[in-house]
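A.B. asks: based on what follows, work out the 3D shape:
(chains A and B, ligands or ions: 2)
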Amino acid sequence: MSEDQGPGTRPPPASGAGRPSTLGRFALIGVIVAGVAGAFAYTGGWIGPARLKSKTIINALEANAGGRHPGWRRAHAKGVCVTGYFDGNGAGRFLSSAQAFGKLRTPVVGRFALAGGDPFAGDGRVVFHSMALSLTQPDGEIWRIGMDHTPIFPVSTPQAFTQLQIAGTPDPKTGKPDPAKMKALLAAHPEIAAYLKFMKAWPLPDSFAAGDYYSINAFRFVDGQGQARLVRWAMVPEQTGGVLDKDKLKTVPDNLLFDELRTRLAKGPLHWRMVVTLAGPNDAVDDATKQWSGADQQVEVGTLTLNATQPEEVGGCRDITYDPTILPKGIAISDDPLLPARSAAYSKSFARRAAEGPHPGAQASAPPSVPAGAAQ
Amino acid sequence: MSPTMPRFALAARVIHWIMAVMILAMLFIGIGMVSTVGELYSRLIAIHRPLGIAILAFAILRLVVRFTNKPPPLPADLPMIQKLAAHGSHLALYALMIAMPLVGWGMLSAGGYPIVMASGFHLPPILPHDLFLYGLLRQAHTWLALALFAVFLAHLAAALMHGLIRQDGVFSSMASFGRRGGV
Ligand code: HEM
Ligand code: HEM
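C.D. replies: Ligands and ions are numbered 1, 2, ... in the order given. Modelled structure (predicted):
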């Protein structure tokens, strides 16, 4: 980089001499330039009080997954692409002006995945089963959705999320997380302990097709008149399935869920009803660890149909990020602190895996011989 | 001060100071938003995108003004090496104020993101959706921003040198607006 018009080496012109000393004026310049640089460093968080950065979260996820898996998502690494469409039934237009809620069809590029950062882990784990969707409305607006199979989340803040990742990270010596760390975390965060109990009882579906998927976080639906309402939503399956026996997870074939999905889709399309729940007066709208009463108004706004699956390297799901703050007009984020944190963390995960080069293979199971989108 | 030193065209001076505020604000917004995962992240990024595109529009306007109005010459007694440094750094500033928004726009295009200016208003992508290209441009956006900040600091220091030490009329050729005067 250049020096620019650098310091004048010759003595200042006569008119400047004699007034505030030249030394003083040099000092002033130094203070101004250093002050601007210092303000920049402070704003960037390099100096001053420590701040939770997306980098910290992603590093914690990587460590938790036993190290980096270059090219893969830092969470929900094991996944598969799906495609289909969402048919709005018109009812949602009373809640949100988003075009997808009109009586029309919006194409969808989705992804089923299992939580965790290890793309080669087996399917017999008590982890989130997830459904992510990217809707591209006819008006060009994009809606990205990431949902898990429980209606609540273990933590309500990104700080607690990070601590949970750290506490669950295997100790290099024992290969297991340090129980003392987890105990301390649970003592400080009763909501995590409550969640673990909840998750133990909550059924673990034996099929992606038979899962309910929840937005977990609250969002604002804004109608055509500009009125905003806080909502959560869920995808409720029309097909049924069984549950995995949590005592016999070791016997679950490594790719059971992914193989089963392909088999199902080969027989025909799968459907979910999208149900929007409005927040009741006592529902926590900024805390993802709290269930909603549900007794309040629920509105069915349309049907999701998935009719084909593709391995990640040929499907359209690998090269996008399902950042839940990518929303069409008519939907906005709520005050739930997880939402901005998810946006920042997904961006960091996306940037890292993109720069590493997309991973070569799809989720561990997909044999190359399986035709993309066997159904239709 | 040299009272005979001509000034930049009025349009050039006005655009210079509007853009100075915008670009500095943009650097601070950019570096600030990625330093947090709090609600400021979402709020700032919503400002960052349209402000960046506005900078691109101003930069194009500025180039037009630059090519239609001859800037005042640097003082004849300024050493050659400093003249070269001045011209080089100005070129770098022009290049970066155009490249930064284009890289920002291009990287979101390559990443398959909507390029949201305001709720319901998007720009079209300017590059194909390509994950690896996104990865490269996302890194370039950071490094070019840091380079822009460094060149800006040098520019600020040099301007203050002209204004406070040399007092050769270069500072006021951009920074004075009234009838003549200033340092
Ligand atoms: C602060 C809390 C959270 C953090 C830091 C976090 C982090 C991440 C990261 C880094 C990814 C990978 C993104 C990518 O590379 O594209 C991811 C994926 C995902 N997350 Fe989260 N997450 C959080 C909360 C949640 C919540 C509350 C939900 C459910 C509602 C959720 C659902 C998903 C889903 C479904 C995916 C997979 C998307 C896909 O298949 O590509 N996450 N998460
Ligand atoms: C003069 C113009 C611009 C300047 C000076 C600027 C500056 C910055 C800076 C300093 C950062 C933080 C980099 C880091 O440390 O990671 C950043 C990030 C970013 N900028 Fe810009 N930018 C400009 C234009 C744009 C435009 C036009 C767009 C999009 C339309 C854009 C989109 C982004 C995005 C998406 C991020 C990253 C957010 C993340 O990774 O979480 N920028 N920018």
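A.B. asks: pretty sure A:Gly302 belongs to a strand, no?
C.D. replies: Yes. Assessed with DSSP: H, G, I helix; E, B strand; the rest coil, A:Gly302 lies in a strand.
A.B. asks: what about the helices in the stretch 251-376 of chain A?
C.D. replies: Defined through DSSP state H, counting those that start in this stretch, the helices belonging to the stretch 251-376 of chain A, from first to last, are A:256-267, A:338-356.
A.B. asks: what are the buried residues along the last one?
C.D. replies: Within helix A:338-356, the residues that qualify as buried by neighbour count (16 or more other Cβ atoms under 10 Å in any protein chain shown) are A:338-356. Glycine gets a C-beta too; all of them are placed from N, C-alpha and C.
A.B. asks: measure stretch A:92-112 end to end?
C.D. replies: Stretch A:92-112 has its terminal residues 25 Å apart, counting by Cα to Cα, to the nearest Å.
A.B. asks: can that stretch be said to contact ligand 1?
C.D. replies: Yes. Legend: contact between stretch A:92-112 and ligand 1 by Cβ under 6 Å from any ligand atom is shown at A:Arg111.
A.B. asks: how far out from the middle of the chain is that stretch?
C.D. replies: Computed by Cα atoms, centre = their mean, to the nearest Å, the chain-centroid distance of stretch A:92-112 equals 20 Å.
A.B. asks: what residues sit buried inside that stretch?
C.D. replies: Within stretch A:92-112, the residues scored as buried using 16+ other Cβ under 10 Å are A:92-93, A:95-102, A:106, A:108-112.
A.B. asks: and stretch B:65-78, by the same measure?
C.D. replies: Applying 16+ other Cβ under 10 Å to stretch B:65-78 flags B:65-66, B:72, B:74-75, B:78 as buried.
A.B. asks: and stretch A:295-304, by the same measure?
C.D. replies: Residues of stretch A:295-304 classed as buried by neighbour count (16+ other Cβ under 10 Å): A:299, A:301-304.
A.B. asks: of the residues you listed, list those near ligand 2.
C.D. replies: Among these, no residue lies close to ligand 2 (Cβ under 6 Å from any ligand atom).
A.B. asks: got the residues you listed as JSON lines, with distance to A:Ser130 columns?
C.D. replies: Below are the buried residues of stretch A:295-304 laid out as JSON lines (distance: Cβ to Cβ, whole Å):
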{"residue": "A:Val299", "distance to A:Ser130": "24"}
{"residue": "A:Val301", "distance to A:Ser130": "21"}
{"residue": "A:Gly302", "distance to A:Ser130": "20"}
{"residue": "A:Thr303", "distance to A:Ser130": "20"}
{"residue": "A:Leu304", "distance to A:Ser130": "14"}
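A.B. asks: farthest-separated two in the buried residues of stretch A:92-112?
C.D. replies: Maximum pairwise distance among the buried residues of stretch A:92-112 (Cβ to Cβ): 29.4 Å, between A:Ser97 and A:Phe112.
A.B. asks: who's the closest spatial neighbour of the spatially most central residue of chain B, skipping the chain neighbours?
C.D. replies: Per Cα atoms, centre = their mean, the C-alpha nearest to the average position across chain B is that of B:Met97, at 4.1 Å. Take B:Met97 and drop its neighbours on the chain: the residue closest to it by Cβ to Cβ, 6 or more residues apart in numbering or on different chains is B:Ala59, 4.7 Å away.
A.B. asks: B:Leu153 is in contact with A:Ala37, correct?
C.D. replies: Yes. The pair A:Ala37 / B:Leu153 is scored as a contact, 6.1 Å apart, by Cβ atoms under 8 Å.
A.B. asks: look at these two and report which has more neighbours.
C.D. replies: Set side by side, A:Ala37 and B:Leu153 show unequal neighbour counts under other Cβ atoms under 10 Å in any protein chain shown, the larger going to B:Leu153 at 17 against 14.
A.B. asks: got the contact list for A:Lys78?
C.D. replies: For A:Lys78, the contact set (Cβ atoms under 8 Å, 6 or more residues apart in numbering or on different chains) comprises A:113-114, A:116, A:118-121, A:258, A:363-364.
A.B. asks: redo those as CSV? Include neighbour count and pLDDT.
C.D. replies: As requested, these are arranged in CSV below (neighbours: other Cβ atoms under 10 Å in any protein chain shown; pLDDT from 0 to 100):
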residue, neighbour count, pLDDT
A:Ala113, 29, 98
A:Leu114, 22, 98
A:Gly116, 18, 96
A:Asp118, 17, 94
A:Pro119, 22, 94
A:Phe120, 13, 93
A:Ala121, 18, 95
A:Phe258, 25, 97
A:Gln363, 26, 44
A:Ala364, 16, 43
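A.B. asks: pick the one among those residues closest to ligand 2.
C.D. replies: Taking Cβ to the nearest ligand atom as the measure, ligand 2 lies nearest A:Ala113 of the contacts of A:Lys78, at 21.6 Å.
A.B. asks: that closest one belongs to a strand?
C.D. replies: Yes. Assessed by three-state DSSP, A:Ala113 belongs to a strand.
A.B. asks: which non-adjacent residue is nearest it?
C.D. replies: Taking Cβ to Cβ, 6+ apart, and ignoring the residues beside it in sequence, A:Ala113 has A:Gly79 as its nearest neighbour in space, at 3.2 Å.
A.B. asks: confirm the one you found sits in a strand?
C.D. replies: Yes. In this structure, A:Gly79 lies within a strand as judged by three-state DSSP.
A.B. asks: pretty sure it contacts A:Arg111?
C.D. replies: Yes. Under the criterion of Cβ under 8 Å, A:Gly79 is in contact with A:Arg111, at a separation of 4.9 Å.
A.B. asks: now the common contact residues for those two.
C.D. replies: Taking Cβ under 8 Å, 6+ apart as the contact rule, A:Gly79 and A:Arg111 both touch A:130, A:132, A:312, A:317.
A.B. asks: just give me the closest of the residues you listed to chain B.
C.D. replies: Comparing these against chain B with Cβ to the nearest Cβ places A:Cys317 closest, at 10.3 Å.
A.B. asks: good, we can wrap up now.
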